[in-house]
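Colleague: Show me the folded form of this:
(2 chains, ligands or ions: 3)
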Amino acid sequence: MNADSFETVVVETDLLILGGGMAACGAAFEASHWAKKHGQRVTLVDKASMERSGAVAMGLSAINLYLGVSKGKNTVEDYVRYVKNDLMGIARKDLVANIARHVDSSVHLFEKWGLPIWKDEEGNYVNEGRWQIMIHGESYKNIVSEAAKSALRELGAYGTYYERIFITEPVMFGDRCVGAVGFSVRENKYYVFKAKAVLDVMGGAVHVFRPKSVGEGLGRSWYPPFNSGASTYFTLKAGAEMTCQEVRFVPVRFKDSYGPVGAWFLLFKATATNAKGEDYMKTRAAELENWAPYGTSKPTPANLRNYLMLLELEAGNGPIYMRTDEAIQKLVAEIPDEKEAKRKMKELESEAWEDFLDMTVSQALNWASHNIMPEESPSEISACEPYFISSHSGASGAWISGPKDLAQGEHHWGYDNMTTVKGLFAAGDASGASSHKFSSGSFTEGRIAAKAAIAFCVDHPELTEVNEEQIFALKDKVLKPLRVFEEHSGYTNDEDVNPNYVKPKMFMFRLQKIMDEYAGGASVGFKTSEALLTKGLEYLQFMKEDAELLAAGDLNELMRCWENVHRMWQAESHIRTVLFREETRWPGYYFRTDHPNMKEEWEVFANCRWDPETGEWEMFKRDLH
Amino acid sequence: MPSFVINEKCDGCKAQDRTACQYICPNDLMVLDKEKNKAYNRAVDMCWECYSCVKICPTQAIEVRGYADFMPLGGVVQPLRSTDSIMWAVKFRNKKVKRFKFPIRTTPEGTIVPDAGFETGSDDLKSPILRTEPDSL
Ligand SMILES: Cc1cc2nc3c(=O)[nH]c(=O)nc-3n(C[C@H](O)[C@H](O)[C@H](O)COP(=O)(O)OP(=O)(O)OC[C@H]3O[C@@H](n4cnc5c(N)ncnc54)[C@H](O)[C@@H]3O)c2cc1C
Ligand code: SF4
Ligand code: SF4
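Modeller: Ligands and ions are numbered 1, 2, ... in the order given. Have a look, this model is predicted:
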């Protein structure tokens, strides 16, 4: 494939939304309204088809964030307290509160748009847990993306979206972000988007660490293989300050297919036990005191629940089981009438299968392949490999401005959700320190960020002239893997084995091996230390050099090359921050063997910034407030 | 494996400029072999088993065979998705079959009105009031 044949397409807009997932759809919905009033243009760019892109591609079986404030069910303060405790004290209260005070309105919109939400006999939403409501969510993403597209259409020629364009790099003008570049994965086109404000909502990252299955099952990570760290790369390369890059997420899920456990714990009230049938949350309760005050608060933080399970495995007490059989039998036993009990059994069975079929079909297939009936036998659960997903129970992302009326001190600097780079905004998995947003909260945060970004556009009416040299240089850089391949592929008899370049797949495996073995991946029980991290960083430097020799034979491989460059930067910021924070705060996510305890002096945010001028990393602490 | 294409059933989406499976796959895995006029999954080990391609294929040519590195043979989970509901057939290795039907949408496709009848209470671009608020709260 000839890199010289690539046409350059320039698109001018006012607000540029990068990504097409939950946060991007919320942003498009909100931005259209304000853009129409103020004569601004809005453009959205997704690497896939919005109808099924991002983490909600398959659908979901629950909305994990709904407060029900107008119904008097919960308060915003309740939610903030819960999130902060779950993250062992490290969370931005202003950001969490901002999302929480708006999220119910997003959920009410979803319902009007056509999302079926479970209702009880009185017409109230059915709760899974305190904050979660049950949905028939197979088409969740189809519905939300239709609303986003329909909102963009309200803008006429001022509202556009592009699909199958992979975004690689930010375009800068001094200290301001003024656009992005990327390429089409369908035709030989290099895209330049020029904008007044840019919203980064390209999701989290997976396949930075080695997944537990490395054959065909490689792609069955809990987090979707198509979110590859573009968000972090983009804000880092723009020179934005990042936060919580050490706070990865390690979910515990049904083993191998990674089916969800939320409904089993919360709705069906199932218990997880070791092989002997012991409930380790009870037998190991004393361990939680070592992590007070968070460990002794209820509910127990997610990482500590993992940790107790990992201790069981270390003690040789595996496998770990979700006692689905006992849970179902107990629920049915509560009903004295035999006919009624039978009906209940059928209902529970259907609910249990729907939970998988709505959001992890693979798990249903796994049960079918193993002849597992949840009402008859328990199922194994286990810890997944680490992921970067700040909208869930991780926290890594850009450091953003909080709202004026909620943020304290230096946590507010002008526009809601703006990063430390002018004109660059972030939301969903792209913004950090505000965990537990989930699908509804990410959509909501996209709305908050988009409204603020339109205000930024109105306040900065000039469209900055983008330096042509920068555009040419970026084109060269983006297409380089095609040139490398073209130049060298004829040298050997096997295009995958060539001393002059590296193909993206082996590059990814190398990254995963380093991260797994040195940065506390699944195969080493999530343990690491200064010595291991330093060694890992050393190996990463070789990778950074070899990244210049990535080779792509076609557009699909070009995308894979860039996905793995993005992952590599996510990896580096992670290692550096794990190294910086000299304590163990989230055992169950990772454990520093050289600093095995939680320390008071680390009751702070660990932030970092890569300086585009010097290429150096800065690490620093920020107050919690 | 992830998703596979049954040769006999795939008609290459009747030579339209893009095939349904290629249009939808969030990981850009489905491609059309132009010579054979059949689609295929180009990287089965990067497939999430999200079933987007399975659900959208107009000829039901795509199915999923569980990842061979941990699933025994014999299980099949196959959906049939309509505009308002989805039907699932779950076949076990031991030949038992279970069927489930769930609603997926309460409004006809293509009819969404963004504001959904809610009014926006403020025109102030700098206020914390978002589109459709406070009405929708
Ligand atoms: C397995 C799983 C189960 C979950 N279960 C629930 C649940 O039950 N309830 C709940 O409420 N939440 C759940 N969540 C959380 C929810 O899915 C996320 O919080 C939400 O999707 C985050 O929104 P986002 O917009 O940040 O990212 P996403 O929705 O993932 O969107 C990312 C977008 O960026 C695009 N993109 C990525 N890279 C590029 C690039 N380089 N160029 C252009 N575009 C790019 C993608 O195509 C996609 O459109 C779950 C998440 C996972 C992974
Ligand atoms: S959607 Fe179905 S019929 Fe169309 S190309 Fe793909 S497999 Fe073939
Ligand atoms: S199952 Fe999903 S990831 Fe796999 S090929 Fe089909 S659409 Fe792509």
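Colleague: I'd like the distance between the residue nearest to the spatial centre of chain B and ligand 2.
Modeller: Geometric centre of chain B, nearest residue: residue B:52, 2.4 Å, by Cα atoms, centre = their mean. Between residue B:52 and ligand 2 the computed distance is 11 Å (Cβ to the nearest ligand atom, to the nearest Å). For glycine as for every other residue, the C-beta is placed from the backbone atoms N, C-alpha and C.
Colleague: and stretch A:397-406, anywhere near chain B?
Modeller: Yes - Stretch A:397-406 reaches chain B (Cβ under 8 Å from any Cβ of the partner chain) through A:403, A:405.
Colleague: what distance separates the start and the end of that stretch?
Modeller: 20 Å (Cα to Cα, to the nearest Å).
Colleague: So is that stretch next to ligand 1?
Modeller: No - judged by Cβ under 6 Å from any ligand atom, stretch A:397-406 stays clear of ligand 1, getting no closer than 9.2 Å.
Colleague: Show the average pLDDT along that stretch.
Modeller: The average pLDDT for stretch A:397-406 rounds to 98.
Colleague: on that earlier part again, my guess is the residue nearest to the centre of chain B meets residue A:56, correct?
Modeller: No - contact between residue B:52 and residue A:56 fails when scored by Cβ atoms under 8 Å: they sit 11.1 Å apart.
Colleague: mind listing the helices for the stretch 451-600 of chain A?
Modeller: All helices of the stretch 451-600 of chain A, identified by DSSP state H, counting those that start in this stretch, fall at A:468-488, A:504-518, A:530-546, A:555-580.
Colleague: list the contacts for the closest residue to ligand 1 within chain B?
Modeller: Residue nearest to ligand 1 within chain B: residue B:26 (6.4 Å; Cβ to the nearest ligand atom). Applying Cβ atoms under 8 Å, 6 or more residues apart in numbering or on different chains to residue B:26 gives the contacts A:48-49, A:52-54, A:57, A:224, A:226, B:48, B:50, B:52.
Colleague: Any chance of CSV for those, columns pLDDT and secondary structure?
Modeller: Listed next are the contacts of residue B:26 as CSV, based on pLDDT from 0 to 100; DSSP: H, G, I helix; E, B strand; the rest coil:
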residue, pLDDT, secondary structure
A:48, 98, coil
A:49, 98, coil
A:52, 98, helix
A:53, 98, coil
A:54, 98, coil
A:57, 98, coil
A:224, 98, coil
A:226, 97, coil
B:48, 97, coil
B:50, 98, coil
B:52, 98, helix
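Colleague: What is the nearest of these to residue A:593?
Modeller: residue A:224 (31.5 Å; Cβ to Cβ).
Colleague: how close does the spatially closest residue to residue B:6 that is not a sequence neighbour get to chain A?
Modeller: Spatially, and ignoring its direct neighbours in sequence, residue B:6 is nearest to residue B:61 (5.1 Å; Cβ to Cβ, 6 or more residues apart in numbering or on different chains). Residue B:61 sits 17 Å away from chain A when distances are taken as Cβ to the nearest Cβ, to the nearest Å.
Colleague: Now do the contacts for residue B:61.
Modeller: Per Cβ under 8 Å, 6+ apart, neighbours of residue B:61: B:5-6, B:9-11, B:39.
Colleague: Spell out for me the ChimeraX command that would select the buried members of these.
Modeller: Here is the ChimeraX selection string for the buried members of these, based on 16 or more other Cβ atoms under 10 Å in any protein chain shown:
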select /B:5,10,39
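Colleague: Of the contacts of residue B:61, which are in range of ligand 2?
Modeller: Within these, those near ligand 2 by Cβ under 6 Å from any ligand atom are B:5, B:10-11, B:39.
Colleague: Max pairwise distance over these: which two?
Modeller: B:5 and B:11 (10.9 Å).
Colleague: hang on, the earlier thing: and the pLDDT for the residue nearest to residue B:6?
Modeller: On the pLDDT scale, residue B:61 gets 98.
Colleague: do the same with residue A:1
Modeller: So, for residue A:1, pLDDT stands at 76.
Colleague: Next one: it from ligand 2, what distance?
Modeller: Taken as Cβ to the nearest ligand atom, the span from residue A:1 to ligand 2 is 23 Å.
Colleague: again with residue A:608
Modeller: On the measure of Cβ to the nearest ligand atom, residue A:608 and ligand 2 end up 44 Å apart.
Colleague: For that residue, give me phi and psi.
Modeller: Here is the backbone geometry of residue A:608 (degrees, to the nearest 10): phi -150, psi 160.
Colleague: okay, the helices of the stretch 451-600 of chain A, which one's buried deepest?
Modeller: Most buried of those, by mean neighbour count (mean count of other Cβ atoms under 10 Å in any protein chain shown): helix A:555-580, with a mean of 24.
Colleague: Over it, what's the mean pLDDT, rounded is fine.
Modeller: In the prediction, helix A:555-580 has an average pLDDT of 98.
Colleague: Kindly calculate the angle that it makes with helix A:530-546.
Modeller: 150 degrees (axes from the mean of the first three to the mean of the last three Cα atoms, to 10 degrees).
Colleague: right, is helix A:555-580 up against ligand 3?
Modeller: No - Helix A:555-580 lies out of reach of ligand 3 by Cβ under 6 Å from any ligand atom, never closer than 12.5 Å.
Colleague: chain center to that helix: distance?
Modeller: In terms of Cα atoms, centre = their mean, to the nearest Å, the centre of helix A:555-580 is found 14 Å from the chain centre.
Colleague: quick one, it and helix A:504-518 angle?
Modeller: 20 degrees.
Colleague: and helix A:555-580, anywhere near ligand 1?
Modeller: No - contact of helix A:555-580 with ligand 1 (Cβ under 6 Å from any ligand atom) is absent, the minimum separation being 6.9 Å.
Colleague: Counting by contacts, list what that helix packs against.
Modeller: strand A:165-173, strand A:176-184, helix A:230-237, helix A:468-488, helix A:504-518, helix A:530-546, strand A:605-610, strand A:617-622 (3 or more Cβ pairs under 8 Å, 6 or more residues apart in numbering or on different chains; DSSP states H and E).
Colleague: residues making contact with the first one?
Modeller: It refers to strand A:165-173. By Cβ under 8 Å, 6+ apart, strand A:165-173 touches A:18, A:45-47, A:177-185, A:191-194, A:198, A:202, A:230, A:234, A:237-239, A:424, A:464-467, A:470-471, A:474, A:477-478, A:558-559, A:562, A:612.
Colleague: go again using 6 Å as the cut-off
Modeller: A:18, A:45, A:47, A:177-185, A:191, A:234, A:237-238, A:464, A:466, A:474, A:478, A:559, A:562 (Cβ atoms under 6 Å, 6 or more residues apart in numbering or on different chains).
Colleague: Just the buried ones from those, in ChimeraX syntax?
Modeller: Only the buried entries of these go into this ChimeraX selection, using 16+ other Cβ under 10 Å:
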select /A:18,45,47,177,178,179,180,181,182,183,184,185,191,234,237,238,464,466,474,478,559,562
